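Asks: please work out how this folds:
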Amino acid sequence: MTDSEVKFAFRANSVVRRLLRGLLIVYTMVTVLFGFLQRQLLYAPRVASSLSVSDFHDLTAIFPAATDLEVTCASGDTICGWLLRKSADPEAVATRPLVIYFHGNAGNRASRGEWYETFDKAGADVLAMDYHGYGDSGGTMTEEALERTADAAWKYALENLNYRSSQIVIAGTSLGGAAAVYLASQQSESGNIPAALVTIATFSSMVDVARSHYPWLPVNAILVDRYPSIQRISRVSCPVVTMHGDNDAVVQQQFGLRLFDAAPLASSGNVEKKWINLRNIGHNNLLPNGRKSIHRELKRIVAAVNVHGSALD
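Replies: Sure, this is the predicted structure:
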């Protein structure tokens with residue numbers, strides 16, 4: 001090579017090195033920024049000063065005995081919710097199972113009226129709590145805070161409302177499904193086996209979902225709230241039903257399938273787990289487009305609870 005060619009190659013290599021160094025600095029800065037802001041990016045609460053159920057006349061028309069709840073978590077934070085019941089008569093506990101329902105990530109409990117109505121039509125009453133920092137609940141949302149919400153809801157249902165574990169269906173949509181899996185696994189291990197676990201558009205882990213949206217980030221290294229449902233569901237001993245839309249772009253169906261595959265083949269009562277593919281349905285149109293399939297399955301579960309005390313076929 002001539003001297004001029006050597007000088008040109010040297011300058012070119014120097015430019016490439018500087019460019020790569022600059023890209024590495026930018027990538028590192030973006031990664032650090034995502035790390036610091038991850039919870040602001042992950043959670044989407046809608047805050048409200050008050051959410052009295054009496055202000056929601058469509059709900060009180062369906063659930064005439066609906067009441068507001070305030071529950072203190074183990075952390076000392078007060079979370080708020082609704083107990084949606086047809087009747088305040090204690091005898092109603094024997095005829096209408098309770099669904100502890102954990103809603104999805106965005107909004108708060110006030111935007112889930114269609115779900116409450118669907119549970120009612122299936123024959124169940126509903127306990128719906130808002131997460132820390134959602135609606136009028138106190139505290140700050142984290143994975144641990146969501147677990148405390150689940151624990152507090154279960155404790156309230158048993159100790160204050162006098163339900164037996166076999167009368168309670170634990171259900172959750174999307175992020176709420178992670179809470180549902182956590183609670184069902186905890187109670188299964190303690191011997192308080194719920195009637196059933198129902199997950200809808202739920203993921204195997206938050207790591208899987210975050211990686212699918214940000215494949216260029218070292219998600220596994222920086223994600224704090226990981227929600228390892230794929231590990232927890234293996235410890236669930238109640239009947240498991242998993243529903244997921246095949247057009248879900250937020251939580252891809254493959255992650256729901258992974259969660260389903262990790263569940264035991266059958267419950268402790270020998271009820272086989274059940275997968276329901278919601279055809280041509282995405283993440284945010286579950287009820288508008290999948291109402292028929294979802295209602296049919298929920299009605300089957302509630303009927304089985306009334307007859308057998310658990311979600312048996």
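
Asks: residue contacts, the residue nearest to A303 when sequence neighbours are not counted?
Replies: Nearest non-adjacent residue to A303, counting by C-beta to C-beta, 6 or more residues apart in numbering: G123, 6.9 Å away. All C-beta atoms are positioned from the backbone trio N, CA, C, and that covers glycine. Residues near G123 by C-beta atoms under 8 Å, 6 or more residues apart in numbering: R96, P97, K299, V302, A303, N306.

Asks: give me phi/psi at G123?
Replies: phi 100, psi 20 (degrees, to the nearest 10).

Asks: the one 3 residues further on too?
Replies: Torsion angles at V126 (phi, psi; degrees, to the nearest 10) stand at phi -130, psi 140.

Asks: kindly provide the distance from the closest residue to it other than its chain neighbours to V53.
Replies: Nearest in space to V126, with sequence neighbours left out and distances taken as C-beta to C-beta, 6+ apart, is L84 at 4.2 Å. In this structure, L84 and V53 are 8 Å apart, going by C-beta to C-beta, to the nearest Å.

Asks: name the residue in the two with the higher neighbour count.
Replies: Comparing L84 with V53 by other C-beta atoms under 10 Å, the one with more neighbours is L84, at 29 against 20.

Asks: now for that one: which residues touch it?
Replies: Applying C-beta under 8 Å, 6+ apart, the residues contacting L84 are V53, L59, I62, F63, A66, Y116, D120, D125, V126, L127, A128.

Asks: what about these, which are in strands?
Replies: D125, V126, L127, A128 (DSSP state E).

Asks: in a markdown table, list these along with neighbour count.
Replies: Converted to a markdown table, the ones in strands among the contacts of L84 look like this (neighbours: other C-beta atoms under 10 Å):
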| residue | neighbour count |
| --- | --- |
| D125 | 24 |
| V126 | 28 |
| L127 | 23 |
| A128 | 25 |
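
Asks: pLDDT added to these, as CSV?
Replies: Conversion of those to CSV gives the following (pLDDT from 0 to 100):
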residue, pLDDT
D125, 97
V126, 98
L127, 98
A128, 98
